[in-house]
Each structure stands twice: as C-alpha cells, then as structure tokens.
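> Show me the folded form of this:
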Amino acid sequence: MPEEKRVLIVIAPVKFRDEELSEPIKYLEKAGIGYDIISTQTGLAVGMLGGKILIEKTVQDITQAGINRYGGILIVGGGGSPDHLWNSVPLQALVKEFYAAGKVVSAICLSSVVLAKAGVLKEKQATVWNDDAAIEQLREGGATYKPEPIVTDGKVITANGPLAAAGFGEKVARAVLAA
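So this is what the prediction gives:
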C-alpha cells in the first residue's frame, strides 16, 4: 500500500484565521491527504472567530527527518501571524527545509511573509493580505507582489486571505497529489 500523503499545517497559537484552516482541510480530506497541525507553542490555540484546537507539537518538534513524512507545508494566516509566525526562526528554517527538498510550500493571508523571511520567495511571484507592511516584507524577500487571490509559482502557493481559502486549499491538495 502506498504511503499516505500528508501536509504539515502551521497556525499561530492565537488569532489564526479559522476559515484559512478549515477550508484547506476540507480539500485535503477530500483528496485523501492527511495532515498534522502544529504551532509555535503547545496548548489550546484559539482562532479569530473562536475556533479552538489543541496543539501537541511545536515547530521545533519537527526534525529534518520528520519533514520526509510530508508532501508540503501550509501556513495559515490571521492577526496572530505577525506576532507569532513572521519572526519565528525555527519556522523559517522548516520552510527552507521543505523548499530545499522540493516539497509544496504554501501560505495564506499575512503568513506569506513567513515565506519571504525564509528566503524562498526570491524571484518568485506571490500574494499576501492587502497590508502595506506585509507587501513590503514580500518585496524585501525578493518576491514580485501580485494583487491576486491566489498565486502559484512552481511549488510555492500563496493566497491573500479568507475569501481565497477554498481555492487555496484546492490548489495545495492538487499540488501535493501531483508531487
């Protein structure tokens, strides 16, 4: 039996955007792709709309060998992203490892900045939530900002926010299946 395809999902411990988590999960499940949800700290993570998820593993718990279990990484956005994800050095290192291994690297909303800070958006097209600071971070990371709902450049997929969450989830699921 072939090994199950899986995606590593990263959320902020507070103020992650609920539908940017729930919509992609629907498409992953529909495609038969498993997933694990981690954050920068363990405990109860609470979304902007009140969703709650118990986090048992952190970004630091995923080792180099551990990324081999996954076909991609998906970083959820929301108001907690700038405070908890943007400057997480272990998360940036994890993104670099996924990218270097040729896996799908994806982020939505404000979390596209994590990809820029990890250095994987150099000479890539990407999108982010329409926020001046976030757009500037993308450009500083070498990306060409595209004000579109979803932008795919190779195995890098970015989306601009909650309204793009379903289409983003579908694209990530397809890319992981194709990998």
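> which ones are touching the residue most central in space within the chain?
The central residue of the chain, meaning the one whose C-alpha is nearest the mean C-alpha position (CA atoms, centre = their mean), is Ile75 at 1.8 Å. With contact set as CB atoms under 8 Å, 6 or more residues apart in numbering, Ile75 has these partners: 9-10, 81, 85, 91, 95, 106-108, 111, 114-115. C-beta here means a position set from N, CA and C on the backbone, and glycine is covered the same way.
> cutoff 10 Å now
Contacts for Ile75 (CB atoms under 10 Å, 6 or more residues apart in numbering) come out as 8-12, 16, 20, 81, 85, 91, 94-95, 105-115, 118, 158.
> Pairing partners for it in the sheet, please.
According to DSSP bridges, Val10, Ala107 are recorded as the beta-bridge partners of Ile75.
> Distance-wise, check it relative to Leu94.
Here the criterion is CB to CB, to the nearest Å. By it, Ile75 lies 10 Å from Leu94.
> again with Val14
In terms of CB to CB, Val14 sits 20 Å off from Leu94.
> quick one on the thing from earlier: among the contacts of Ile75, which are in helices?
Those of these mapping onto helices are 20, 81, 91, 94-95, 112-115, per DSSP state H.
> thinking again about what came up before, for the buried ones among the contacts of Ile75, write the corresponding ChimeraX selection.
Remark: buried members of the contacts of Ile75, expressed as a ChimeraX selection using 16 or more other CB atoms under 10 Å:
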select :8,9,10,11,12,16,20,81,85,91,94,95,105,106,107,108,109,110,111,112,113,114,115,118,158
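> and the residue lying closest to Ile150 once chain neighbours are set aside, how many neighbours does it have?
Take Ile150 and drop its neighbours on the chain: the residue closest to it by CB to CB, 6 or more residues apart in numbering is Ala159, 4.7 Å away. In terms of burial, Ala159 registers 33 neighbours under the definition other CB atoms under 10 Å.
> Show me what Ala159 is bridged to.
Ile108, Ile150.
> mind listing the strands in the chain by residue range?
For the chain, the strands defined by DSSP state E occupy 6-10, 14-16, 34-38, 43-47, 52-55, 72-75, 104-108, 125-126, 144-145, 150-153, 156-159.
> Report the strands that pair with the second one, each with its relative direction.
Which is strand 14-16. Based on DSSP bridges, the strands next to strand 14-16 in the sheet, each with its direction, are strand 43-47 (parallel).
> as a whole number, average confidence for the strand it pairs with?
Mean per-residue pLDDT for strand 43-47: 98.
> For Pro24, see how far away the residue lying closest to Val7 once chain neighbours are set aside is.
If you skip the residues right next to it in sequence, Val7 has Tyr35 as its closest partner in space, 4.6 Å away by CB to CB, 6+ apart. Separation of Tyr35 from Pro24 (CB to CB) stands at 9 Å.
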